[in-house]
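>>> coordinates only, sequence not included:
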C-alpha cells in the first residue's frame with residue numbers, strides 16, 4: 001500500500017540521501033533492514049524554533065514501486081495553419097498561451113516588441129552601466145517578459161484558478177530543476193531562465209508557431225465589435241482571428257492606445273513603496289536564530305505585514321541573496337525591482353516594501369479617466385528620476401535615518417549597479433505613503449531582530465508591483481465585453497501577479513479560444 005507521511009528532519013539529514021532514508025524508516029516505523037521505496041513530494045523549512053528543521057511530505061511504499069509522476073511530455077507534432085491566434089507579448093502569459101494553443105491544434109503567432117532573450121542582455125548592460133533606457137528592450141520588455149531577468153520566483157496562490165502542476169512540469173520539461181516540483185517556494189533563478197525560455201520558443205517554432213521580435217503593436221484595426229487586423233511597427237498589417245493581449249504591467253503605450261480607440265479599460269489598484277536592502281547575514285541571523293547559517297540551509301527570507309491605520313504596509317517579492325535592478329521602461333523615470341540567481345549567493349537580501357494605491361490617491365488625476373492610476377504611478381517615478389540626479393541613480397536613505405527623519409550623510413555599498421544618491425525619501429513619496437512607511441518599518445523592527453539599522457538602505461521607488469489598469473473581460477468566455485475576439489490576459493490586463501499566475505491565465509485564455 002502506498003501512503004504519505006510527514007517527516008521532520010535536521011538540515012544536514014535532508015542533504016544526505018542515506019541519512020534521509022534512515023530517518024524516513026524510523027519515522028515510518030519500519031524495521032531495520034526492511035525494504036521500502038520513498039520519495040519526497042513536498043519540502044519546506046520550519047524555522048519557528050531555535051533549531052530550524054525541514055518539513056517533508058514523503059510518499060512511501062513497502063512492496064510495490066511508486067508510480068511514475070505524470071509529467072509534461074514535449075511533442076514536436078506539427079500543427080496546421082487553418083486556425084490561428086495572435087498573441088501580443090512573449091512573457092509567461094503569452095508563452096504558456098502559445099503552448100496550450102499548440103496542444104489544441106491552433107497556430108500561435110507571438111508578437112513581441114522587444115528582443116530575444118539573448119540580445120536583451122546588451123540593453124540590460126546599457127541601463128546598468130551607461131544609464132541608457134531602451135523603451136523596447138529592458139528588464140520589463142523582451143522575450144520572457146519581466147520575470148526572465150527579475151528573479152524567476154514561482155510562488156503562487158492560484159491553485160484554484162488553474163493547473164499549477166502542469167505549469168511546473170512544463171518548466172521542468174524545458175530545463176528547470178526538478179526541485180521546483182517539491183519545494184514549497186520554488187525558484188528558478190535569473191541565470192537559469194534564459195535557456196528555459198529559449199527552449200520554449202524553439203519548441204513553439206518547431207511545432208509550426210511563429211515568434212516575431214522587434215515587432216511592436218502600434219494600432220488595432222476594428223470592424224464594428226471585432227479586431228480585423230493589428231498593425232506592427234506602424235506599417236505592417238496582420239489579419240486577426242483572435243487576439244490574446246498579454247503585454248505585461250508596464251505597457252503604458254498599449255493602455256493609451258486602447259483608450260484612444262475607445263476600447264473599455266479601467267483604473268486598477270496597485271502598490272507603491274521602496275526596495276529595502278540588508279546584508280543577507282542579518283536576515284539569516286534573525287530568521288534562523290543563529291549567528292551563522294548552516295551550509296545545509298538556504299539564505300533566509302521574510303514576509304512581513306503591518307497595519308498602520310490608513311495604509312497597510314507589506315513586503316513584496318523578497319529576494320534572498322539577491323540584487324536590486326533598474327526597471328524603468330522609458331527615459332526620465334527610476335523604478336527598482338529585485339532578483340536572485342539560482343544559488344541566491346549574493347551578500348545582500350532585498351525586498352519591496354509597499355502600500356496599496358487606490359482611488360483616493362489617483363483621484364487628483366481624474367481628468368485622465370481610466371489612465372489616472374497610471375498617471376499617478378508615472379509622476380512618482382519621474383520624481384525619483386529628478387531627485388536621483390536625472391540618471392538611473394536611485395534616491396536612497398539609510399533605514400534608521402529615514403525613521404528618524406534625517407538625510408543620510410553617507411550610504412553603504414549596494415547591489416544596485418547604477419548607483420545610489422542620498423535623498424530624503426519623504427521628498428520622493430507622497431505624504432501619506434512616507435508616513436505609513438515609517439510606521440510600517442517601526443512595526444517590522446519589533447517583529448524581526450536587527451531589521452532596523454543603518455546597514456539597511458531603502459531605494460526608491462518600487463512601483464511596478466502590478467498593472468495600474470484593468471482590461472475588462474467576461475468571467476466565463478474571457479472575451480472583452482465590447483471586442484468579441486480580444487482576450488485580455490495576464491499581469492498587464494490585471495488578472496495575474498507573477499510568473500505562475502500569468503502562465504495559468506495564458507492557459508485559460510488559450511482554452512477559451514479553443515472551446516469557442
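Perfect, I can see it now. Bear in mind that the values here come from a model prediction, so they are computed numbers and not experimental data.
>>> and residue 252, how many residues sit next to it?
As a burial measure, residue 252 scores 21 neighbours (other Cβ atoms under 10 Å). To be clear about C-beta, it is placed using only N, CA and C from the backbone, and glycine gets the same treatment.
>>> Quickly find the element holding the spatially closest residue to it that is not a sequence neighbour.
For residue 252, ignoring the flanking residues on the chain, the nearest one in space by Cβ to Cβ, 6 or more residues apart in numbering is residue 374 at 6.0 Å. For residue 374, the host element (DSSP states H and E) is helix 372-388.
>>> Buried ones in that helix, by neighbour count?
372-378, 380-381, 383-385, 387-388 (16 or more other Cβ atoms under 10 Å).
>>> Strands along the stretch 101-250 of the chain, start to end?
Assigned by DSSP state E, counting those that start in this stretch, the strands in the stretch 101-250 of the chain fall at 107-111, 210-212, 217-223, 226-232, 236-239, 243-245.
>>> Can you give the strand pairings for the fifth one, parallel or anti for each?
The pairing partners recorded for strand 236-239 under DSSP bridges are strand 226-232 (antiparallel).
>>> so where's the chain shaky on pLDDT?
Applying pLDDT under 70 to the chain flags the ranges 70, 150-152, 155-162.
>>> Which parts of it are helices?
Secondary structure of the chain, counting by DSSP state H: helices at 11-14, 17-27, 92-103, 120-129, 164-173, 193-206, 252-260, 280-288, 359-362, 372-388, 399-404, 431-447, 490-493, 499-515.
>>> returning to what we had before: mean neighbour count for the strands of the stretch 101-250 of the chain - can I get that in CSV?
Formatted as CSV, the strands of the stretch 101-250 of the chain follow (neighbours: other Cβ atoms under 10 Å):
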stretch, mean neighbour count
strand 107-111, 23
strand 210-212, 18
strand 217-223, 16
strand 226-232, 18
strand 236-239, 13
strand 243-245, 29
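>>> what about the closest residue to residue 258 other than its chain neighbours, distance to residue 122?
The shortest distance from residue 258 to any non-neighbouring residue, by Cβ to Cβ, 6+ apart, is to residue 265 (5.2 Å). Computed as Cβ to Cβ, to the nearest Å, the residue 265 to residue 122 distance reads 33 Å.
>>> Ok, residue 230 next?
For residue 230 relative to residue 122 (Cβ to Cβ), the value is 27 Å.
>>> Kindly report the same for residue 51.
47 Å.
>>> So what's the residue count around residue 87?
Neighbours of residue 87 under the rule other Cβ under 10 Å: 32.
>>> again, but for residue 248
The number of residues packed near residue 248 is 28, by other Cβ under 10 Å.
>>> Quick check: nearest residue in space to it, chain neighbours excluded?
The shortest distance from residue 248 to any non-neighbouring residue, by Cβ to Cβ, 6+ apart, is to residue 492 (4.5 Å).
>>> tally of neighbours for the nearest residue to residue 54 once chain neighbours are set aside?
Closest residue in space to residue 54, ignoring its immediate chain neighbours: residue 14 at 4.3 Å, by Cβ to Cβ, 6+ apart. As a burial measure, residue 14 scores 22 neighbours (other Cβ under 10 Å).
>>> ok now do residue 14, which residues does it touch?
Residue 14 sits next to 20, 43, 54, 56, 296 when contact means Cβ atoms under 8 Å, 6 or more residues apart in numbering.
>>> try it again with 10 Å
Counting by Cβ atoms under 10 Å, 6 or more residues apart in numbering, residue 14 touches 7-8, 20, 23, 40, 43, 45, 53-56, 296-297.
>>> And for residue 180?
Per Cβ under 10 Å, 6+ apart, neighbours of residue 180: 152, 154, 167-169, 171-172, 186-188.
>>> what about it, distance to residue 262?
Counting by Cβ to Cβ - residue 180 and residue 262 are separated by 43 Å.
>>> do residue 196 as well
Counting by Cβ to Cβ, the gap between residue 196 and residue 262 amounts to 39 Å.
>>> Look at those two and report which has more neighbours.
residue 196 (22 against 9).
>>> Pull out the buried residues from stretch 296-310.
Residues of stretch 296-310 classed as buried by neighbour count (16+ other Cβ under 10 Å): 297-302, 304, 306, 308.
>>> Check the residues you listed and tell me the two furthest apart.
Using Cβ to Cβ, the two most remote members of the buried residues of stretch 296-310 are 297 and 308, lying 32.1 Å apart.
>>> Now residue 322: closest residue in space, sequence neighbours ignored.
Counting by Cβ to Cβ, 6+ apart, residue 322 lies nearest to residue 340, which is 3.9 Å off, once chain neighbours are set aside.
>>> Please report how far that neighbour lies from residue 187.
Taking Cβ to Cβ as the measure, residue 340 falls 7 Å from residue 187.
>>> and the two? which has more neighbours close in?
Neighbours of residue 340 and residue 187, each counted by other Cβ under 10 Å, are more numerous for residue 340; the result is 28 against 23.
>>> got a list of what that one touches?
For residue 340, the contact set (Cβ under 10 Å, 6+ apart) comprises 150-153, 187-191, 299, 301, 318-323, 346, 348-350.
>>> Next, give phi and psi for it.
With angles defined as degrees, to the nearest 10, residue 340 shows backbone torsions of phi -130, psi 140.
>>> tally of neighbours for residue 367?
Residue 367 has 8 neighbours, counted by other Cβ under 10 Å.
>>> got the contact list for it?
Each residue near residue 367 by Cβ under 10 Å, 6+ apart is listed here: residue 375.
>>> Can you tell me how far the closest residue to residue 482 other than its chain neighbours is from residue 190?
Closest residue to residue 482 apart from its sequence neighbours, by Cβ to Cβ, 6+ apart: residue 264 at 5.4 Å. Plainly put, residue 264 is 36 Å away from residue 190 if you go by Cβ to Cβ.
>>> Looking only at neighbour counts, state which of the two leads.
Neighbour totals were compared for residue 264 and residue 190, and residue 190 leads with 20 against 15 (other Cβ under 10 Å).
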